[in-house]
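Peer 1: have a look; sequence and predicted model below, questions after that.
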Amino acid sequence: PGDGLVCAYELDGKGGGRPIGWAEVGGSHARGATTWIHLDGAVENGRRWLREESGLPPLASDALLAEETRPRVDRLPDGLIVVFRGVNLNPGANPEDMVALRLWVDGQRVITVRRRRLMAIQDLRERMAAGVFPSNAGSLLSAIGAQLAWRMEPVIAELSERVDELESEVIGSAAGELRVKLAALRREIIGLRRYLAPQRDAMLRLQSESVPWLHDQDRFEIREAADRTTRYLEELDAARERVGVAHEELISRLSEQLNQRMYLLSIIAAIFLPLSLITGLLGINVGGMPGATSDAAFMIVSVLLVAIGVGLAIVLRRLRFF
C-alpha cells in the first residue's frame, strides 16, 4: 500500500482478532491489546511513522529501516530486535536472494518491516483472514519463524533434486554445459547458506531469551524452527559436497579425455616423424639426389614410405602402445 501500512491486526489473546488501520493502531496499543503492525520500509510514510510516532528507541527504528541486514537477535531494555530472512518466492526472483524481515517485539506490539513481499507473511495473513489468529506476541513471533522455515523446505528439496540430476549427467552431458550448471548450483547453495547459518543461531538465541511474553509453547515452536533450519543447513552442506564431488569427477573425465587425445597424437607423431625425416631429406635442393632423373623414383619412394609407416604401426601395436 502507498501509505506504508501493509496490514495491522489486533489480537484478543484468545485465538481471535481483527484487522485495523492507521487510525486504530495507537488506540489498540493504549487499550493494552497485542498488536501486529506490518510496514513497507520502502514507503516514506511507513518510515516516518516508525521514526516519529511509533515510540521505539532510535536504535530500534534505525535497525528496522537498515538497508543491509543479517539474521540476528538483539535485546534492548524495552524489547527485542529480531532480523530473519526468508526465501524469495516472488515471481521471476531467485530463491537464494533471501528477503529480510525486521521485527520489533515488546510483548504488546510486534512491528515487522519488509522491503519486498515475503510469502511466509502472506501465509499468516491468509490464516488470519480465515479466523486463525496467534494469541499473543510470543505465539506470533514463533508462527513467523515456523512459517519462514516451512517455506524453505520445497526450495531445499528442489535444490537436492537438481544435484541428483547433475550427478547423473556428469558422464553423458557436454562438459561445457555441465560446468555452467555446476557453477550456478554452487552459487545458489552459497547464497542460501549465507543467511541460514546466522538465522539458525538467531532462532536458538531467541528461544533462550528470558522475556515474560515468550511462553514455553512459543519457545518449543521456535526451537523446532531452529532444528528444521539446522536440517536445511545439513542438506545444503551435503549438496555442496556432492556438487564438489561431481565437479571433481567432471575434471577427472575431461583430464582423461585430454590424455587419450594426447596419447593418440603421440602415436601418430611416432609414426610420421621418421616419414617426415625421409621426405625432408629427399626434399633438399642439392645435386646428387638419387632418382632425380628416374621416372619410377616417385613411385618407389611412395611405396617405401607406406611400408615404413605400416611397419612402424605393427611395431607399436606389438609393443602395446595401442
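Peer 2: Thanks, I have it. Model, not experiment: these values are computed from the prediction.
Peer 1: surely Thr112 is within a helix?
Peer 2: No - using DSSP: H, G, I helix; E, B strand; the rest coil, the assignment for Thr112 is strand, not a helix.
Peer 1: for beta bridges, what are the partners of it?
Peer 2: His38, Leu103 (DSSP bridges).
Peer 1: how close does it get to Val211?
Peer 2: According to C-beta to C-beta, to the nearest Å, Thr112 and Val211 sit 17 Å apart. From N, CA and C alone the C-beta is placed, and that goes for glycine too.
Peer 1: so for these two, which sits in the more crowded spot?
Peer 2: Looking at Thr112 and Val211 with other C-beta atoms under 10 Å, you find the greater number of neighbours at Thr112, namely 25 against 17.
Peer 1: from memory the more buried one sits against Val99, does it?
Peer 2: No - with contact defined as C-beta atoms under 8 Å, Thr112 and Val99 do not form a contacting pair (11.8 Å).
Peer 1: what stretches of the stretch 51-200 of the chain score poorly on pLDDT?
Peer 2: 171-176 (pLDDT under 70).
Peer 1: ditto for the stretch 201-322 of the chain
Peer 2: 287, 292.
Peer 1: mind running it again at 80?
Peer 2: Along the stretch 201-322 of the chain, the model assigns pLDDT under 80 to residues 247-254, 256-257, 281-295, 297, 316, 319-322.
Peer 1: could you pull out the helices in it for me?
Peer 2: With DSSP state H, counting those that start in this stretch as the criterion, the stretch 201-322 of the chain has helices at 216-282, 297-318.
Peer 1: from Asn45, how far out is Asp12?
Peer 2: Applying C-beta to C-beta to Asp12 and Asn45 gives a distance of 28 Å.
Peer 1: what about Glu234, how many residues nearby?
Peer 2: Other residues near Glu234 number 10, with proximity taken as other C-beta under 10 Å.
Peer 1: my bad, Gln147
Peer 2: Taking other C-beta under 10 Å as the definition, Gln147 ends up with a neighbour count of 20.
Peer 1: nearest residue to it other than its sequence neighbours?
Peer 2: Spatial nearest neighbour of Gln147, chain neighbours left out: Ala120 (4.1 Å); criterion: C-beta to C-beta, 6 or more residues apart in numbering.
Peer 1: assign the one you found to helix, strand or coil.
Peer 2: When states are read from three-state DSSP, the local structure at Ala120 comes out as helix.
Peer 1: ok, it - how many residues close by?
Peer 2: Ala120 sits with 22 neighbouring residues when counted by other C-beta under 10 Å.
Peer 1: over to Leu233?
Peer 2: The number of residues near Leu233, taken as other C-beta under 10 Å, comes to 17.
Peer 1: that one contacts Ala197, doesn't it?
Peer 2: Yes - using C-beta under 8 Å as the test, Leu233 is close enough to Ala197 to be in contact (6.1 Å).
Peer 1: give me the element Arg125 is part of.
Peer 2: helix 119-129 (DSSP states H and E).
Peer 1: in the next helix or strand after that helix, which residues are buried?
Peer 2: Proceeding C-terminally, helix 119-129 gives way to helix 137-169 as the next helix or strand, assigned by DSSP H and E. For helix 137-169, the neighbour count (16 or more other C-beta atoms under 10 Å) marks 137-149, 151-152, 155-156, 159, 162-163, 166, 169 as buried.
Peer 1: please apply the same query to stretch 200-211.
Peer 2: Judged by neighbour count (16+ other C-beta under 10 Å), stretch 200-211 contains these buried residues: Arg200, Asp201, Ala202, Met203, Leu204, Arg205, Leu206, Gln207, Val211.
Peer 1: gap between the residue nearest to Gln147 and Ala143?
Peer 2: For Ala120, the distance to Ala143 (C-beta to C-beta) stands at 9 Å.
Peer 1: again, but for Arg47
Peer 2: 26 Å.
Peer 1: do the same with Val99
Peer 2: 17 Å.
Peer 1: same deal with Gln207?
Peer 2: Computed with C-beta to C-beta, the distance linking Gln207 and Ala143 is 14 Å.
Peer 1: cool, Asp123 as well?
Peer 2: Here the criterion is C-beta to C-beta. By it, Asp123 lies 9 Å from Ala143.
Peer 1: quick one on the thing from earlier: just the buried residues of stretch 200-211 now: which is nearest Pro58?
Peer 2: Val211 (21.2 Å; C-beta to C-beta).
Peer 1: leaving out chain neighbours, which residue sits closest to the most centrally placed residue in the chain?
Peer 2: Closest to where the C-alpha atoms of the chain average out (C-alpha atoms, centre = their mean) is Glu188, at 2.5 Å. The spatial neighbour of Glu188 that comes closest, neighbours along the chain excluded (C-beta to C-beta, 6+ apart), is Glu96 at 4.7 Å.
Peer 1: so how far is Leu192 from the one you found?
Peer 2: Using C-beta to C-beta, one obtains 5 Å as the distance from Glu96 to Leu192.
Peer 1: before we move on, what about Arg162?
Peer 2: Distance from Arg162 to Leu192, counting by C-beta to C-beta: 13 Å.
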